[in-house]
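Trainee: Provided below are the primary sequence and the corresponding predicted coordinates.
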Amino acid sequence: MAITDYNSLIEAVEGYTLRFDMPVGTFIGLAESKFRPIISHYEQDKTVVLPIVGGKITLPADFLEAHFIRVNNYDTRQISLYGGERYADGVVYTQVGRTYEFDGPDDISTAKLIYRAEIPALTEATPTNWLIEKFPEVYLHAVLGRAYRWLKDMEGFALEEQSFQEAVALIALDNIKGRSTANVTSYGGH
């Protein structure tokens, strides 16, 4: 059986464990909180253009980390909350909670932000996301690990933890390949 969404993941976990009385939905949420900070993949990249109001932007709700930020046509540089060197021909910013605060020329009005977004959570209401579609084994092994831990099967837990780490390594490899900036050469005139 292919794992393609929330329900097929639950069925697979129940099939592997032969237990139908487990809180698998809870295990899915716990698994996501485990891998959310460690998985970084190009499928998570998003671009937004945000208005600067009062010298600040509010970061998107799904923001994890910035890859790039440009304010109007100015280069930007992040500085510490405690200060840093400012340049007349650039914009500096600090992160304060869920906002970026800018210091620079008076004409700044918009910020283009490319960032790593959270992986959308799997639920009954949103039964699929890019991760389960592309790497279902990550969900399977992470959730099975939670199930075996709940069942107090430490050997099963250890095996699933190892399989989970292998699956995460495959995501990292795919991310490297997907972000390759090598020039592609075409032969044959096409």
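Mentor: It's in.

Trainee: what is the mean pLDDT for the one helix or strand residue 25 maps to?
Mentor: Using DSSP states H and E, residue 25 sits within helix 24-35. Model confidence over helix 24-35, given as mean pLDDT, is 97.

Trainee: quick one: buried residues of that helix?
Mentor: Within helix 24-35, the residues that qualify as buried by neighbour count (16 or more other Cβ atoms under 10 Å) are 24, 27-32, 35. From N, CA and C alone the C-beta is placed, and that goes for glycine too.

Trainee: just checking, what packs against it?
Mentor: Packing partners of helix 24-35 (3 or more Cβ pairs under 8 Å, 6 or more residues apart in numbering; DSSP states H and E): helix 6-17, helix 136-150.

Trainee: quick one: distance of that helix to the chain centre.
Mentor: With Cα atoms, centre = their mean, to the nearest Å as the basis, the distance from the averaged C-alpha position of helix 24-35 to the chain average is 15 Å.

Trainee: what is the helix or strand following that helix packed up against?
Mentor: Proceeding C-terminally, helix 24-35 gives way to strand 45-51 as the next helix or strand, assigned by DSSP H and E. Contacts defined by 3+ Cβ pairs under 8 Å, 6+ apart place strand 45-51 against strand 56-58, strand 110-117.

Trainee: as a markdown table, the helices and strands packed on helix 24-35 with distance to residue 74 would be great.
Mentor: Compiled in a markdown table, the helices and strands packed on helix 24-35 are given as follows (distance: least, Cβ to Cβ, whole Å):
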| stretch | distance to residue 74 |
| --- | --- |
| helix 6-17 | 44 |
| helix 136-150 | 39 |
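
Trainee: highest mean neighbour count out of these?
Mentor: Per-stretch averages of neighbours, counted by mean count of other Cβ atoms under 10 Å, single out helix 136-150 among the helices and strands packed on helix 24-35, with a mean of 22.

Trainee: before we move on, the earlier item: what would the buried residues of helix 24-35 look like in a markdown table with distance to residue 88?
Mentor: Converted to a markdown table, the buried residues of helix 24-35 look like this (distance: Cβ to Cβ, whole Å):
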| residue | distance to residue 88 |
| --- | --- |
| 24 | 58 |
| 27 | 55 |
| 28 | 51 |
| 29 | 49 |
| 30 | 50 |
| 31 | 49 |
| 32 | 45 |
| 35 | 44 |
